[in-house]
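> my questions are about this predicted structure, shown below with the sequence.
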Amino acid sequence: MNATRISIVSLWVLLFALSSCSFKGREKSVRNVLSEQQRSWNHGDLDGFMQGYVAGDSLIFIGEKGIRYGYQATLKGYKKTYADLKAMGNLDFDILHVLNAGPKAVVVVGKWKLIRDKDMPQGYFTLLFQKVKGEWKIVMDHTS
């Protein structure tokens, strides 16, 4: 192999390694957001839970009742459905996949479960995270 090809291959290997390291940092950051959301939920703190979402009208939430646009509409929906600790139960996330969607986006696929006195609803979610003002935030949530 000539020197030019070796240099090109070396450059690609370096770029791949740097991209992989960079993604590991993004993955850790979004996992931390989800851990904080779970902690907030399990303490009955919906406002704290919502800190994982982008504030403003750009948030898209897709659930069993349709599509909600915006942070306030999403918060209002959560507060209506989960009015107290009994309704909220204990939230558990099982993160199935964390996917690299480029340098400024991460997709998370997972399973959620609420453990409550009388039932245990559960389902799946797909979250699109983007870096907003230096923080990783959920910009789209599809939960079923």
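Everything's here; your move.

> just give me the residue right at the centre of the chain.
The centroid of the chain falls nearest to Leu127 when counting by C-alpha atoms, centre = their mean (4.6 Å).

> for it, helix, strand, or coil?
Reduced to three states with DSSP: H, G, I helix; E, B strand; the rest coil, the structure at Leu127 is strand.

> show me the beta-bridge partners of it.
For Leu127, the residues forming beta bridges with it (DSSP bridges) are Val108, Asp141.

> need the contact list for it.
Contacts were defined as C-beta atoms under 8 Å, 6 or more residues apart in numbering; by that measure Leu127 touches 30, 107-110, 138, 140-142. Just so you know, the C-beta spots here come from the backbone N, C-alpha and C atoms, and that holds for glycine as well.

> okay, it and Asp84: tell me how far apart.
Taking C-beta to C-beta, to the nearest Å as the measure, Leu127 and Asp84 are separated by 25 Å.

> just Asn100 next, same as before
Following C-beta to C-beta, the distance that separates Asn100 from Asp84 is 39 Å.

> and Leu75, that's in a helix?
Yes: when classified by three-state DSSP, Leu75 is found to be part of a helix.

> so what's it up against?
Neighbouring residues of Leu75 by C-beta under 8 Å, 6+ apart: 46-47, 50.
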